[in-house]
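Trainee: Fold the following, please.
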Amino acid sequence: MLTVQRVVLSSRPGNNGSPVPENFRVEEASLATDLKQGEVLVRTLYLSVDPYMRCRMNDDTGTDYLLPWRLEECVDGGGVGVVEASKNEAMAVGDIVTSFNWHWQTHSVIDGNLLQKVDPRMVDGHLSYVLGGVGMPGLTALLGVREKGHVTPGAGQTMVVSGAAGACGSLAGQIARLDGCERVVGICGSDEKCQSLVSELGFTAAVNYKKGDISKALREVCPSGVDIYFDNVGGAISDTVISQMNSGGHVILCGQISQYNKDLPYPPPLSNETQEALCSKNITRERFMVLNYMEKHEEGLLQLSHWVKTGQIKLLESVVNGIENMGVAFCSMMTGGNIGKQIVKISD
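Mentor: Here you go, the predicted model:
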């Protein structure tokens, strides 16, 4: 038996409630390490916290592809770790592996067939990138831009990205620039983040939505209007962006983090004014789900890896240490405390 630490969901935020670290509890548990055929023992290296997890804190996730976390049970999400013992022919001790359903605990026994092997060379040895820029957030940004953005090199297009300093938004802006957008403008919640977007990630401009008139600021940095909108937040910010979009524009509906604490269906309903703007200007607004493009994931990861290794894309991370800080890291991410991907380092 092995003593492990794990994180369980001890309470739910409730309807229209904001999550707090106390919704999670760290506890010790005993893990049987006698492996059955096909199983592996893994040590957790890094865990991911992501906006979609807020939906899993509810009794009903509001979606048909996410199951709710159960009270008093170990929660799960994206994780990466190292194999320490194996009875699976495809997995050897020392292999780096990842899963979208990794338990939030220090060690786990897992069916090896549910894991994907990671080639550390894909991420230049930065294994946490598997949970960010060369993982699901990176694929979401890449395929969102390419499948729904209709970027046309040489067309002089302007793209606006909300939640632009987060894991997905910070990548979406860089990819849009690489794919041919003339102007890429980010919206985020602090001057520090705005500076990072422009000076480190190559955005044309950035707007701090917490300062002054966002509508006026957006018009100043998007003088020719907005052609493509990568929407990570929803709510009033998105209403403002859509009101300044050009005819025939495209909204990439990736996330609605401003609405996740509200008891609403996904995607949340739009105001009549915004709905009218979409219709009158013939603007497409399509929900984007990266899991609908599984056949493009392998090629996409290779593209992201190439960009990262050649320095064409820069990845930003906010790293917290210790499994005891999972709840704090999650709540910080939900309120914009991170720049880039929020990661929790569990072990070396």
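Trainee: Ile96: neighbour count?
Mentor: The tally of other residues near Ile96 (other C-beta atoms under 10 Å) stands at 20. The way it works is simple: take the backbone N, C-alpha and C, and place the C-beta from them, glycine included.
Trainee: contacting residues around Ile313?
Mentor: Listed by C-beta atoms under 8 Å, 6 or more residues apart in numbering, the contact set of Ile313 reads Gly133, Leu171, Gln174, Ile175, Leu178, Leu304, Trp307.
Trainee: Where do the helices of the stretch 51-200 of the chain begin and end?
Mentor: 53-56, 136-148, 169-179, 191-199 (DSSP state H, counting those that start in this stretch).
Trainee: Partner strands of the lowest-mean-pLDDT helix or strand in the chain, with direction?
Mentor: The helix or strand of the chain with the poorest confidence is strand 284-287; it has a mean of 88 (mean pLDDT, DSSP states H and E). Strand 284-287 sits in its sheet next to strand 245-253 (parallel), going by DSSP bridges.
Trainee: Give the rounded mean pLDDT of the strand it pairs with.
Mentor: For strand 245-253, mean pLDDT is 97.
Trainee: Can you show me the CA trace of the next helix or strand after it as PDB?
Mentor: With elements assigned by DSSP states H and E, the helix or strand that comes after strand 245-253 is helix 272-280. Listed next in PDB are the C-alpha coordinates belonging to helix 272-280 (Å, rounded to 0.1, in the frame of the first residue of the first chain):
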ATOM      1  CA  ASN A 272     -31.900  41.000 -28.400                       C
ATOM      2  CA  GLU A 273     -29.600  43.800 -29.500                       C
ATOM      3  CA  THR A 274     -26.700  41.500 -30.000                       C
ATOM      4  CA  GLN A 275     -28.800  38.800 -31.700                       C
ATOM      5  CA  GLU A 276     -30.100  41.500 -34.100                       C
ATOM      6  CA  ALA A 277     -26.500  42.700 -34.800                       C
ATOM      7  CA  LEU A 278     -25.500  39.200 -35.800                       C
ATOM      8  CA  CYS A 279     -28.500  38.800 -38.100                       C
ATOM      9  CA  SER A 280     -28.400  42.200 -39.700                       C
END
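Trainee: which residues are in contact with helix 272-280?
Mentor: For helix 272-280, contacts defined as C-beta under 8 Å, 6+ apart pick out Ser238, Asp239, Ile242, Ser243, Met245, Val251, Leu270, Ile283, Arg285.
Trainee: what inclination does it have with respect to strand 245-253?
Mentor: When axes from the mean of the first three to the mean of the last three C-alpha atoms, to 10 degrees is applied, the directions of helix 272-280 and strand 245-253 differ by 110 degrees.
Trainee: average pLDDT for helix 272-280?
Mentor: 94.
Trainee: next one: stretch 24-39
Mentor: Average pLDDT, stretch 24-39: 97.
Trainee: That stretch: end-to-end distance?
Mentor: For stretch 24-39, the first-to-last residue distance is 28 Å (C-alpha to C-alpha, to the nearest Å).
Trainee: Which of the residues in it are classified as buried?
Mentor: Phe24, Val26, Leu35, Gly38, Glu39 (16 or more other C-beta atoms under 10 Å).
Trainee: any idea which of these is closest to Val221?
Mentor: Using C-beta to C-beta, Phe24 is the member of these that lies nearest Val221, at 38.9 Å.
Trainee: about what we covered before: turn the contacts of helix 272-280 into CSV, including neighbour count and distance to Lys296.
Mentor: Conversion of those to CSV gives the following (neighbours: other C-beta atoms under 10 Å; distance: C-beta to C-beta, whole Å):
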residue, neighbour count, distance to Lys296
Ser238, 26, 26
Asp239, 15, 31
Ile242, 24, 27
Ser243, 14, 32
Met245, 23, 27
Val251, 24, 21
Leu270, 16, 29
Ile283, 20, 25
Arg285, 20, 22
